[in-house]
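Q: A predicted structure for the sequence below; I have some questions about it.
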Amino acid sequence: LMVAGRHRPATGGVASMSAEELLQSVWMGAQQLRWDENWESVAQALASKLGQLSLEDLATALWSFGTLAKAPTSFLEEAAKEAVRRLELGEAATPRTLADLAWGRQPRSTSADDQTSEIQGDRTR
């Protein structure tokens, strides 16, 4: 994993990383469109620290995992619930934060046929 521009050993280190370090690591992976086999453990560790993130950082986490399109469903669900809870409590959000929250929570299709079906399905609603 890359944290603050340096390689950090993943073995045993993910659980001890701060929420900000975990977020920075997955954000860098998303920027490079690079899936790392450790992202699942990062998602699990980050899920236990969602309360430590600002709403903007929570949106960045959802955007990052959404961009990688391989996030564990359990992480996406927990992060989305946390975001909804905060919004319902009146926490302020910029349009960018709201867009990142929506982007990260969108289901990803793997084939063009699936994408076409999703688009056509949306038109019938």
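A: Right, received. Where do you want to start?

Q: all helices for the protein, in order.
A: 19-31, 39-47, 55-68, 73-88, 95-105, 112-123 (DSSP state H).

Q: tell me how many other residues surround the closest residue to Ala61 other than its chain neighbours.
A: Of all residues not flanking Ala61 in the chain, Leu23 sits nearest, at 5.5 Å (CB to CB, 6 or more residues apart in numbering). No exception for glycine: its C-beta is placed from N, CA and C like everyone else's. Around Leu23 there are 23 other residues, counting by other CB atoms under 10 Å.

Q: distance of Leu23 from Ala80?
A: 16 Å (CB to CB, to the nearest Å).

Q: likewise for Thr94?
A: Thr94 is 18 Å from Ala80, by CB to CB.

Q: more neighbours: which of those two?
A: Ala80 (16 against 11).

Q: verify the stated contact: that one with Ala59.
A: No. Using CB atoms under 8 Å, Ala80 makes no contact with Ala59, being 10.5 Å away.
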